[in-house]
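> I need the structure of the sequence given here:
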Amino acid sequence: MWNLFGNERRRSPRILYPTSARPLLTMREEMCHVVELSSESLLVFQAPNIPLPIGEIVRGELRFIDATTMPVEGTVSRRDGNNVVIRLTQPLSQDRYHQELSIVGNWNERRRYFRLSYPLHEMPTIEVDGVVYRLIEISEHGVVIYVTDKPFHIGQSVSGQLTLHGNEAVNVSGSILRYNNDGAILYLPVGIPSNQIVKEQLRMIRLYKSK
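Numbering: from 1, shown residues only. I've put the predicted structure just below:
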């Protein structure tokens, strides 16, 4: 693990993000992933086309996994290859810092939630801005939207109506985490009611048990 924070780590405990939960820092119309965060500093994986020399003042927008955004300003204090530490001019609020601690602390628990994958002809749908997409996979706090291109950008806020089997509709809102080989991963902070996930699971079990 990097030792770029130095004494800053001892003054302010750091948050180490799992890859899929990293905030995004937008600077000069480019996005960089935040690898670690403290209330006073960011450890950023630098985009290759954004040179950040030590001492440079940077300004940008920080977008968290719950789609909250905030402006940030700071100074590049250390670097090692593509990793830089930005010392924030204005520390994060304690509320935001503790919220991030809670999100990351519960991330592994959320990953254990049951995930239901669908065959092609059984996929539920989600309608976003008048466009209907099929869903490859659903869980309480996320869905995988089947796409062959990239209609959404990383960090984009997305709201839509999810239609499950039996025409049960659920209004959902979240943000695009990333793309994988199957499609776009949409994180849902509020999520799909667990009883509806269970109903979908039982329906699929009955369907394929009878075949």
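
> Enumerate the positions of the longest helix along the chain that are buried.
Looking across the chain with DSSP state H, the single longest helix is helix 194-209. Across helix 194-209, burial judged by 16 or more other C-beta atoms under 10 Å covers 196, 197, 200, 204. All C-beta spots, glycine's among them, are computed from the backbone N, C-alpha and C.

> ok, the first one - contacts?
Just to be clear, that refers to residue 196. By C-beta atoms under 8 Å, 6 or more residues apart in numbering, the contact list for residue 196 reads 164, 168, 170.

> Ignoring the adjacent residues along the chain, who's closest to residue 159?
For residue 159, ignoring the flanking residues on the chain, the nearest one in space by C-beta to C-beta, 6 or more residues apart in numbering is residue 173 at 4.3 Å.

> which element is that neighbour on?
strand 169-179 (DSSP states H and E).

> Name every strand pairing with that strand and say which way it goes.
When pairing is defined by DSSP bridges, strand 169-179 lines up against strand 157-163 (antiparallel), strand 183-187 (antiparallel).

> what is the orientation angle of the longest helix of the chain with strand 169-179?
Put simply, helix 194-209 runs at 80 degrees to strand 169-179, going by axes from the mean of the first three to the mean of the last three C-alpha atoms, to 10 degrees.

> Could you list the low-pLDDT ranges of this protein?
Applying pLDDT under 70 to the chain picks out residues 1-12, 19-20, 47-49, 105-114, 208-211.

> Going along the chain, name the helices of it.
Under DSSP H, the chain gives helices at 7-11, 94-105, 107-111, 194-209.

> Please parse the protein into its domains.
7-110, 113-209 (automatic domain parsing).

> Is residue 170 bridged to anything, and to what?
Legend: beta-bridge partners of residue 170 under DSSP bridges are residue 162.

> Am I right that it is in contact with residue 193?
Yes: in this structure, residue 170 is within contact of residue 193 by C-beta atoms under 8 Å, at 7.1 Å.

> Next, the contact list for residue 88, please.
Residue 88 sits next to 40, 41, 42, 72, 73, 74 when contact means C-beta under 8 Å, 6+ apart.

> Can I get these in a markdown table including neighbour count and distance to residue 140?
Rendered in a markdown table, the data for those read as follows (neighbours: other C-beta atoms under 10 Å; distance: C-beta to C-beta, whole Å):
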| residue | neighbour count | distance to residue 140 |
| --- | --- | --- |
| 40 | 20 | 34 |
| 41 | 25 | 33 |
| 42 | 24 | 30 |
| 72 | 20 | 31 |
| 73 | 12 | 36 |
| 74 | 22 | 36 |
